[in-house]
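> Have a look at this prediction, sequence included:
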Amino acid sequence: MERNPMRRQLAVMRQSLFDQGYLDEQFVQLEELQDDANPNFVEEVVTLYYRDSARLILNVEQALERKPFDFNKLDGYMHQFKGSSSSIGAKKVKAESTLFREYCKSGNGEGCMRTFQQLKKEYATLRKKLEAYFQLARQAGPMETACHPK
């Protein structure tokens with residue numbers, strides 16, 4: 001059992017991100033790339049994800065304002081967004097991206113609008129949760145090694 005209470009709290013917080021379905025195995029793989037030479041690697045990758053994906057979100061929002069919908073363009077934006085989300089292990093965001101793309105393929109504009117709203121909620125929720133997690137991780141100090149969620 002971890003002696004440091006902050007470490008324990010961090011482990012519980014991390015596990016809850018997996019238990020609640022926010023993160024998948026890809027996040028663990030990112031953690032495994034983090035070492036003494038790159039102690040903030042995961043946080044830096046996630047920060048880059050949120051910086052770069054904001055542009056894709058904006059592109060989708062703008063494309064959804066134009067009627068009739070250009071489903072090929074929407075699908076292209078969402079394909080990029082889904083790939084970025086997959087790379088950090090953003091499980092719920094990736095699932096909403098997949099659903100959005102299915103609506104694009106079937107030409108369902110209402111489905112795209114509804115799914116995009118849910119995607120933005122999941123995206124924002126994950127961001128808040130990861131920001132809190134990384135803040136606590138900085139306070140707790142360096143982590144020993146990545147471990148797979150139960």
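Ah, there it is. This structure is a prediction, so every number in the text was calculated from the model and none was measured.

> Mind jotting down where the helices sit in this protein?
With DSSP state H, the ranges of helices along the chain come out as 5-19, 25-33, 41-65, 71-88, 91-106, 109-140.

> mind checking how far the fifth one is from the chain centre?
For helix 91-106, the gap between its own C-alpha mean and the chain's C-alpha mean amounts to 14 Å (C-alpha atoms, centre = their mean, to the nearest Å).

> Ok, the last one next?
Per C-alpha atoms, centre = their mean, the displacement of helix 109-140 from the mean C-alpha position of its chain is 7 Å.

> now do the second one
On the basis of C-alpha atoms, centre = their mean, helix 25-33 sits 13 Å off its chain's mean C-alpha point.

> okay, the angle between it and helix 91-106?
130 degrees (axes from the mean of the first three to the mean of the last three C-alpha atoms, to 10 degrees).

> what packs against helix 25-33?
Judged by 3 or more C-beta pairs under 8 Å, 6 or more residues apart in numbering; DSSP states H and E, the packing partners of helix 25-33 are helix 41-65, helix 71-88. C-betas here are computed from N, CA, C, even on glycine.

> Those into CSV, with extra columns for distance to Lys94?
Written out in CSV, the entries for the helices and strands packed on helix 25-33 read as follows (distance: least, C-beta to C-beta, whole Å):
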stretch, distance to Lys94
helix 41-65, 12
helix 71-88, 5
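
> Thank you, goodbye.
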